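K.L.:
give me a 3D structure for the following:
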Amino acid sequence: MKYGQHLLNNIAPEYGPGPYLEYAQLDDVIRILSTEGTASADTTSRVMSLTIPPPTDSKGQVVKDPAKIKAETKNITEETFFSILDREMIKIESFTLAEVTKLRKSLKEIEDSLKSKSIDMTNEVETDALRESTDEIAESFLRLEKYVNINFMGFHKILKKHDKYLPTNPCKSFYVSRLHSQAWVQGDYSDIVVRLSSLYSALRQDHVVQEQQEASQSFLRSTSKYWIKTEDVSRVKYAVLRHLPVFLQKTSTGESDSQLTNSVYLDNDQLELYHSRLDKTPGAIALRLRWYGAGDPKLVFVERKTHRDKWTGEVSVKERFMIDESEVEQVMNGTYPVEEKKQEMMDKLGLTDTEADEWELLARQCMQVISSKQLVPTMRTQYMRTAFQIPFDATVRVSLDTNLCMISERGYDLKNNSVWHRDSQKALAYNEITRFPHAILEVKLELSGENLTPPKWVLDLQNSGMLYEVHKFSKFIHGCSVMMPEDVRCVPYWVDDASVRESIIASGGGRILVRSESEMTESEKKKKHSGVGPGANEVYDHLLPFGDIYHDKTSTAVGRTAQSEAVMKGKMDKTSGAVKGDYGTVFYDDVDEDLLGDVEGGGGGGGDDTCVGWLFPFCSPNNAFYMSVVAPTSVQKIEPKLFFANERTYLHWLHAGTTLYTIAAGILTFAEKKNANWAHFYAMALLPLSLAICIYALHIFLWRADRIKTRIPGRWDDPRGPIILGSALALVLLLNFIGKLFEIARYNRSQW
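P.N.:
Okay, the predicted model is just below:
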């Protein structure tokens, strides 16, 4: 789809076409200039005078005020293009600032009504009206952000086209720099998110939530990580804050919804911690020094994360203790006065002996690991974190990290560990920093009791098309693999994703990536998985959210699950798993249907199921649809016992088949030769049934093993095959029972 048509399709009805970029007019100007080859104004002169009129354009006329330029189809010059461009920038900036002012005014009116207690929160009618007004403001804000994004993209597109068709007078670099300095691009409107969060919190009456004591009950803990496109960040924030309040952060300019977070990860020259975390070795640790806020750190948290395999019944843990910045050197050198600090904490904070002993054990273990493994600052992550959580309620916790970048902490003098992070005032080289192109959403669930199903709004968000699940994504692992490509022996699977390739190359980490087609030999080009690097991605390349370099889906991939796909294809009622969710509208033409078109056009994918496919899902043509569309964004968790469970199921089916075959063979062997027609019929009915069970067992075993190996999402069981085979066996037994009844009845009649 051309961008001009894309712009027309995404014009908000509430705004109309007026406030949007005049893309078509600018495009026409470029076409006229490129075909006619008109002269341009003198741009070579390097002197001027303050007492002479301004220079004339290529027509010998004084350059007009940008606001007075009108659409023309003739007498077009280069200055016409620049004038229209300036006018459009002013128009979009004015419109954006005016809309933001309206939103802030509407928010203030609602806040004032709450403060004056003119709204009765116990009155359901008034509460619903307040919620509708808040929803309307939030959707207006999302609509405005979409307006800003589509115009921002339009400027980039038209400037790129200008430099392509008019290379003698390039202007993209200048105007892009100017574009980024505009108030409508540079502005931070997070205060609107903060105020919306406060309103929704008041509607939910979060203040009544009481602290829950840890009881001796079982919990189902799970953590999922997702990539989010930059243009979807505000929509995801809105989807979450309707159900969870934003944890407000105090900044120099007031309260904000996000806080700058820095974490310096420690490792040795062999990157021992990196490789153990990447291999998911049981007991693998990550050690980091974390501080919050801009500027130099004052309080530092020493944190240790320990990996445990969930299938073993253990859970991964994160432990930390706080120290002053001046004490980091002592911790790194193993001279930290643990006993003295322990006694000080017991006196000032009133810690119990057990709590103090746990603190002491953690501090000593961290210092011991630093000393024994010779750990030094290796890599730092920096991002703005937005946290969502109801106080004292850990059922659902959500964190959103934006502006994520990884910085190398190698290559400077540590001065006996008195310096443990880079000077923030010094500029970084291109290979000392990598900027991640997506936001990171982390959803932590802690479910207890009889209902272990996540809340509906969480499921709706996961199926909204905005989340791209990346199994076991790690900032530490990504940063080390990109910043130190010469030192790593293996890399995570997601580095082959097309959407992060550009950022990795820009940071000098290109050697960890698969070579492009122009760099490959003929034999390499013929390989089936030539678009991904060696190793796991030769099998799991479908896990990449945006595809690899030869199957680039950065513009078409939509985060989705099997449930949301069924809704989009009309195969599921929207009430059972709505794509829209309950947090607003699918805005205009947001869903990119290119990917769906590829599946539908291929023939057989996503169409109606066949009779055989309905009976036995592993024969269904829809497998191609689910594998090609759903797989990139939803990942099944694999545990070792799953493979053995598949084998046990296969053996149980074989046992049932061979048992039936043995019974049938025995009946044929020992049945009387006279008057044994019914016994022969019964045995011959059981023989093909036993053979069908064995064939079915082998087929379903291979089918499920392939889905386990490639982590295909969706159901891995066959809900209909066992019912069909079981019903057939029951029918044969029923017929045998009826036949025996007839024989008994006939025998009784003959005796009378």
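K.L.:
the helix or strand containing residue 132: how far from the chain's middle?
P.N.:
Per DSSP states H and E, residue 132 falls inside helix 124-165. Its chain's C-alpha centre lies 21 Å from the corresponding centre of helix 124-165 when counted by Cα atoms, centre = their mean, to the nearest Å.
K.L.:
what mean pLDDT does that helix get?
P.N.:
Across helix 124-165, pLDDT averages out at 89.
K.L.:
now for that helix, which elements pack on it?
P.N.:
With contacts taken as 3 or more Cβ pairs under 8 Å, 6 or more residues apart in numbering; DSSP states H and E, helix 124-165 sits against helix 3-9, helix 23-36, helix 78-115, helix 172-180, helix 183-186, helix 190-204, helix 233-241. Just so you know, the C-beta spots here come from the backbone N, C-alpha and C atoms, and that holds for glycine as well.
K.L.:
name the helix or strand of this structure that has the lowest mean pLDDT.
P.N.:
Here the helix or strand of the chain ranked lowest by mean pLDDT, DSSP states H and E is helix 594-601, holding a mean of 37.
K.L.:
burial of the residue nearest to residue 307 when sequence neighbours are not counted, as a residue count?
P.N.:
Leaving aside its chain neighbours, residue 307 sits nearest to residue 284 (4.4 Å; criterion: Cβ to Cβ, 6 or more residues apart in numbering). The number of residues packed near residue 284 is 19, by other Cβ atoms under 10 Å.
K.L.:
so what does residue 440 look like in phi/psi?
P.N.:
When read as degrees, to the nearest 10, the backbone of residue 440 gives phi -120, psi 120.
K.L.:
just the pLDDT for it.
P.N.:
95.
K.L.:
and what of residue 638?
P.N.:
In this model, residue 638 carries a pLDDT of 63.
K.L.:
do the same with residue 54
P.N.:
63.
K.L.:
which stretches of the stretch 251-400 of the chain have low pLDDT?
P.N.:
Residue ranges of the stretch 251-400 of the chain with pLDDT under 70: 251-255, 311.
K.L.:
and residue 471, that's in a strand?
P.N.:
No - counting by DSSP: H, G, I helix; E, B strand; the rest coil, residue 471 falls outside a strand, being coil.
K.L.:
what about the strands in the stretch 201-350 of the chain?
P.N.:
Assigned by DSSP state E, counting those that start in this stretch, the stretch 201-350 of the chain shows strands spanning 219-228, 249-251, 254-256, 259-267, 285-292, 299-306, 317-324.
K.L.:
any chance of those strands in CSV, plus mean neighbour count?
P.N.:
As requested, the strands of the stretch 201-350 of the chain are exported to CSV (neighbours: other Cβ atoms under 10 Å):
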stretch, mean neighbour count
strand 219-228, 17
strand 249-251, 15
strand 254-256, 15
strand 259-267, 21
strand 285-292, 20
strand 299-306, 18
strand 317-324, 14
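K.L.:
so which of these is nearest residue 274?
P.N.:
strand 259-267 (5.7 Å; Cβ to Cβ).
K.L.:
same for the closest one, what does it pack against?
P.N.:
helix 272-278, strand 285-292, strand 376-388, helix 475-483.
K.L.:
quick one: distance of that strand to the chain centre.
P.N.:
Using Cα atoms, centre = their mean, the offset of strand 259-267 from its chain centre is 21 Å.
K.L.:
before we move on, what about stretch 258-265?
P.N.:
That offset, for stretch 258-265, works out to 20 Å (Cα atoms, centre = their mean).
K.L.:
how about residues contacting it?
P.N.:
190, 249, 251, 273, 286-294, 297, 303, 377-386, 400-402, 409, 420-421, 475-476, 479-480 (Cβ atoms under 8 Å, 6 or more residues apart in numbering).
K.L.:
distance of residue 697 from residue 721?
P.N.:
Distance, residue 697 to residue 721, by Cβ to Cβ, to the nearest Å: 10 Å.
K.L.:
got it, and residue 309?
P.N.:
32 Å.
K.L.:
give me the more crowded residue out of the two.
P.N.:
Higher neighbour count among residue 309 and residue 721: residue 721, with 20 against 15, using other Cβ under 10 Å.
K.L.:
helices of the stretch 601-750 of the chain, start to end?
P.N.:
611-615, 622-625, 640-670, 677-710, 721-751 (DSSP state H, counting those that start in this stretch).
K.L.:
just put the helices and strands packed on strand 259-267 in a markdown table and tack on distance to residue 145.
P.N.:
Shown next, in a markdown table, are the helices and strands packed on strand 259-267 (distance: least, Cβ to Cβ, whole Å):
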| stretch | distance to residue 145 |
| --- | --- |
| helix 272-278 | 36 |
| strand 285-292 | 27 |
| strand 376-388 | 16 |
| helix 475-483 | 26 |
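K.L.:
need the winner for burial among those.
P.N.:
Stretch with highest mean neighbour count among these: helix 475-483 (a mean of 25; mean count of other Cβ atoms under 10 Å).
K.L.:
for the helix or strand following that helix, packing partners?
P.N.:
The C-terminal neighbour of helix 475-483 among helices and strands, as given by DSSP H and E, is helix 498-506. When contacts are defined as 3+ Cβ pairs under 8 Å, 6+ apart, helix 498-506 packs onto strand 433-435.
K.L.:
10 Å instead, please
P.N.:
Identification of packing neighbours for helix 498-506 by 3 or more Cβ pairs under 10 Å, 6 or more residues apart in numbering; DSSP states H and E yields strand 433-435, helix 475-483.
K.L.:
any chance of the ones you listed in a markdown table, plus mean pLDDT?
P.N.:
Conversion of the helices and strands packed on helix 498-506 to a markdown table gives the following (pLDDT from 0 to 100):
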| stretch | mean pLDDT |
| --- | --- |
| strand 433-435 | 94 |
| helix 475-483 | 93 |
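K.L.:
residue 131 is nearest to which of those?
P.N.:
helix 475-483 (36.4 Å).
K.L.:
centre of the chain versus the closest one, how much separation?
P.N.:
18 Å.
K.L.:
just the CA coordinates for that helix, please, in PDB.
P.N.:
Taking C-alpha atoms only, helix 475-483 is exported to PDB below (Å, rounded to 0.1, in the frame of the first residue of the first chain):
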ATOM      1  CA  LYS A 475      18.700  -7.300  28.600                       C
ATOM      2  CA  PHE A 476      22.000  -8.500  30.100                       C
ATOM      3  CA  ILE A 477      22.300 -11.300  27.500                       C
ATOM      4  CA  HIS A 478      21.400  -9.000  24.600                       C
ATOM      5  CA  GLY A 479      23.800  -6.300  25.600                       C
ATOM      6  CA  CYS A 480      26.800  -8.600  26.100                       C
ATOM      7  CA  SER A 481      26.200 -10.400  22.800                       C
ATOM      8  CA  VAL A 482      26.100  -7.100  20.900                       C
ATOM      9  CA  MET A 483      28.700  -5.200  22.800                       C
END
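K.L.:
quick check: angle from it to strand 376-388?
P.N.:
130 degrees (axes from the mean of the first three to the mean of the last three Cα atoms, to 10 degrees).
K.L.:
tell me the angle of helix 475-483 relative to strand 219-228?
P.N.:
Using the same axes, to 10 degrees: helix 475-483 against strand 219-228 is 30 degrees.
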